[in-house]
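*Asks:* Need the 3D shape of this:
(one chain, ligands or ions: 2)
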Amino acid sequence: MEHFNTPEEALKKLFGYESFREGQKSIIDAILEGKDVFAVMPTGAGKSICYQIPAVVLPGITLVISPLISLMQDQVKSLNEAGIEAAFINSALSEMEFANTVESAKAGAYKIIYVAPERLMTEDFIELAKSISISMVTVDEAHCISQWGQDFRPSYTRIVEFVKELDKRPIISAFTATATENVREDIVCTLGLINPFTLVLGFDRENLFFQVERPKNKEQFVVDYIAEHPDESGIIYCSTRKNVDKIYDLLLAKGVSVAKYHAGMSAEDRKQMQDDFVFDYKSIVVATNAFGMGIDKSNVRFVIHFNMPQSMENYYQEAGRAGRDGLDSKCILLFSPQDVIINKYLLEHKEELDIDPEDLEIIKERDNSRLQAMEKYCYTTECLRNYILRYFGENRDEPCEDCGNCLREFETIDMTDAAKKIINCVYEARGRYGRGIIVDTVLGAKTARLKEIGAMDYKSYGVLNSSTKNMLMRLIEQLIFEKYLVVGDYHVIRLGDISRLKDPNTTVMVKITDEDKKPAKAKKESKKSASMSALTSNGFKLFDKLRELRLEIARAENMPPYIVFNDKTLIEMAAKVPLTDAEMLTVSGVGDSKLKKYGDQFLKAIEEAVKEYPELRKEG
Ligand code: ADP
Ligand code: ZN
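*Replies:* Ligands and ions are numbered 1, 2, ... in the order given. Reported below is the predicted structural model:
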């Protein structure tokens, strides 16, 4: 390995990036000073570089504990591409491969070794760990250590035990994208971090546009969206396998380039479909939430949730798979009240392994309140971005002016009369039912459930039959917000303090959306068009050529295209039109190693394009 004088030099030479992003430098500096580190950074912020650069600079080996095999393999590929010696040790290795890796490790062939947590305390691995010099242990996805987290991995709790086996305590650095207060405490305590340098970056992902829609026909919405966004890579999440199959068949029949993924498919089929998507053979994937773990595809332009997920944690993680390259991307949630029912069913039938009854009670409660927060996100008329950030503990004063709600046109109407009718109905229901039943009752719905509970005999039955379900749901939200109603256990609605309503001057104003009005165009200058707009029409042609070349290389080398170069890098190439190695190196994302590997091919393609369109150079 070459010697680097500064982390900046390593960043440029290895990864081809000009400057560190927020937080990266301070973490790297802390590690190089020998400090433990705890960093909470949102997905896509660039955690990997924070430990990979110190790993290269530190004298010994860095062990990276990572929970997902596929992610490990991707990371190792990327590192090797950047010219960094790295390997992984997990169950995907045969005994033979394991023995070879161990031998190479002992011979000093690697700077970074990724290891699955289950491996740590095995005899073989401890033997290896003792015979090499370990400078740092990095715990990736550190929230897996916490029972509060969604992805608790018992073997993570044994990391400390493993570290104690070592002759010399290495630096310990821990990284995660999800961390509520509880989880943070768990991580710092359970890992035994010593006075860690701690960095918590904002959770905002500026390039993501959030939007909640309640289309009458979700399938049509998806079909139209894809037709309006041809060539864009996207993920469509559904809550059930049945939905996945249905949407997949529908899109396939429409001639869309689509893959699917759910746990009911064979491992082989899943792998094939996943690769088809990651390698850009297929532009869309329809999947359950089983899909995406360990997938690091950077050019996903949209994530559509066909159904509401079970929690904001899940939602933000899944939606966050859009726009990892920093370009503008959309996160659209298609909501229908039916989703809440499906989710309740799924939660009730969730398999809980080895959990004692007391914990189970806590987990159930937690699941329910998470679901409620998710539901609220679908109903809220406030800024969606702020809603998300507040959920994760960040408070903003101003609406973002760049989300579905901020750009939607609301009409504020006086619903005082309807409010009183709803309150009467809640009174009649004596706080035993949820909002669905209340709304159905005043709407005068003819359901078996209403009959069963006798709601059809209420005075309130049908008193608001000219209203709509959505309007009344919004009204109930508002009444809860103003504390006229309160939500009890199991989501039942009870009366709150209604005395103010007796004053004839009190009004209840509700923001109603015109469902047919789609969100207006974004006000902010779009990042994608900003960088794309740096391209002339010839530039576009060049960009396409470069993309083709990238695809060719990726297929020949059996790698996802973004590992060769990501979209941002190709756009910059098409704008700068570099003709020499030196010019090529000024493109963000082109480092020494990639220049050596791919420089000639890309320069040749650019040269050919310049011959064909001489204006390219002048325009660029
Ligand atoms: P995380 O693990 O935080 O989700 P990654 O480490 O995968 O994020 O980084 C996300 C993307 O950002 C990757 O494509 C990575 O190469 C890129 N990236 C990271 N740091 C920088 C930087 N300083 N400049 C430009 N791109 C960067
Ligand atoms: Zn907003």
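*Asks:* I'd guessed residue 187 sits against residue 141; true?
*Replies:* No. Look at residue 187 against residue 141 with Cβ atoms under 8 Å: they stay out of range, at 10.5 Å. (Each C-beta comes from the backbone N, C-alpha and C, glycine too.)
*Asks:* Would you mind finding the longest helix in this structure?
*Replies:* For the chain, the helix with the greatest residue count under DSSP state H is helix 357-379.
*Asks:* so who does the closest residue to ligand 1 within the stretch 151-300 of the chain touch?
*Replies:* Nearest residue of the stretch 151-300 of the chain to ligand 1: residue 298, at 5.1 Å (Cβ to the nearest ligand atom). Taking Cβ atoms under 8 Å, 6 or more residues apart in numbering, we find residue 298 in contact with 324-325, 562, 566-567.
*Asks:* now do 7 Å
*Replies:* 324-325, 562, 566 (Cβ atoms under 7 Å, 6 or more residues apart in numbering).
*Asks:* Highest neighbour count among these?
*Replies:* The residue in those with the most neighbours, by other Cβ atoms under 10 Å, is residue 562 (25 neighbours).
*Asks:* on that earlier part again, what's the overlap in contacts for residue 187 and residue 141?
*Replies:* Shared contacts of residue 187 and residue 141, counting by Cβ under 7 Å, 6+ apart, come down to residue 176.
*Asks:* wait, what's in contact with the residue of the stretch 451-600 of the chain found nearest ligand 1?
*Replies:* Closest to ligand 1 within the stretch 451-600 of the chain is residue 566: 5.7 Å, counting by Cβ to the nearest ligand atom. With contact taken as Cβ under 7 Å, 6+ apart, residue 566 is in contact with 298-299, 325, 589.
*Asks:* tell me the two of the residues you listed that are most distant?
*Replies:* Spatially, the most separated pair among those is 299 and 589, at 12.8 Å (Cβ to Cβ).
*Asks:* can you give me the strands for the stretch 301-450 of the chain?
*Replies:* Secondary structure of the stretch 301-450 of the chain (DSSP state E, counting those that start in this stretch): strands at 329-334, 410-414.
*Asks:* Need the ones you listed in a markdown table (columns: distance to residue 489, mean pLDDT and mean neighbour count).
*Replies:* Below are the strands of the stretch 301-450 of the chain laid out as a markdown table (distance: least, Cβ to Cβ, whole Å; pLDDT from 0 to 100; neighbours: other Cβ atoms under 10 Å):
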| stretch | distance to residue 489 | mean pLDDT | mean neighbour count |
| --- | --- | --- | --- |
| strand 329-334 | 26 | 97 | 24 |
| strand 410-414 | 32 | 80 | 12 |
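*Asks:* so residue 199, which of the three states?
*Replies:* Counting by DSSP: H, G, I helix; E, B strand; the rest coil, the backbone at residue 199 sits in strand.
*Asks:* got the contact list for residue 83?
*Replies:* Residue 83 sits in contact with 14, 592-593, where contact means Cβ under 7 Å, 6+ apart.
*Asks:* what about it, distance to residue 112?
*Replies:* Noted for residue 83: a distance of 12 Å to residue 112, by Cβ to Cβ, to the nearest Å.
*Asks:* which bits of this structure sit near ligand 2?
*Replies:* Contacts of the chain with ligand 2, taken as Cβ under 5 Å from the ion, map to 383, 385, 399-400, 403, 406.
*Asks:* Among those residues, which one lies nearest to ligand 1?
*Replies:* Nearest to ligand 1, judged by Cβ to the nearest ligand atom, of the residues of the chain next to ligand 2 is residue 385 at 18.8 Å.
*Asks:* Any idea how many residues pack against the closest one?
*Replies:* Residue 385 has 24 nearby residues by other Cβ under 10 Å.
*Asks:* Over to the one 3 residues further on?
*Replies:* Residue 388 is flanked by 22 other residues according to other Cβ under 10 Å.
*Asks:* now swap in residue 474 and tell me
*Replies:* 21.
*Asks:* so where is the stretch 201-350 of the chain shaky, pLDDT-wise?
*Replies:* For the stretch 201-350 of the chain, the stretches with pLDDT under 70 are 293-294.
*Asks:* Contact partners for the residue of it found nearest ligand 2?
*Replies:* In the stretch 201-350 of the chain, the residue that lies nearest ligand 2 is residue 210 (7.4 Å; Cβ to the ion). Contacts for residue 210 (Cβ under 7 Å, 6+ apart) come out as 331, 384-385, 388, 403-404.
*Asks:* Please repeat the previous calculation with a cut-off of 6 Å.
*Replies:* 331, 384-385, 403 (Cβ atoms under 6 Å, 6 or more residues apart in numbering).
*Asks:* try residue 332
*Replies:* Listed by Cβ under 6 Å, 6+ apart, the contact partners of residue 332 are 211, 304.
*Asks:* go again using 8 Å as the cut-off
*Replies:* By Cβ under 8 Å, 6+ apart, residue 332 lies in contact with 211-213, 225, 302-305, 404.
*Asks:* ok, back up a step: got a quick PyMOL command for the buried subset of the residues of the chain next to ligand 2?
*Replies:* Typed into PyMOL, the line below selects the buried ones among the residues of the chain next to ligand 2, using 16 or more other Cβ atoms under 10 Å:
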select buried, resi 383+385+400+403+406
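*Asks:* count of neighbours near the residue nearest to residue 394 when sequence neighbours are not counted?
*Replies:* Counting by Cβ to Cβ, 6 or more residues apart in numbering, residue 203 is the residue found nearest to residue 394 once chain neighbours are left out, at 5.7 Å. Using other Cβ under 10 Å, residue 203 has 22 other residues around it.
*Asks:* and what of residue 318?
*Replies:* 21.
*Asks:* Start at 54, not 1
*Replies:* Fine by me, first position is 54 from now on; the one you just mentioned is residue 371.
*Asks:* Pull the contacting residues for it.
*Replies:* With contacts defined as Cβ under 8 Å, 6+ apart, residue 371 is in contact with 288, 290, 342, 345, 356, 358, 362.
*Asks:* So which helix or strand of the chain has the lowest pLDDT on average?
*Replies:* Within the chain, no helix or strand scores below helix 580-585, which has a mean of 55 by mean pLDDT, DSSP states H and E.
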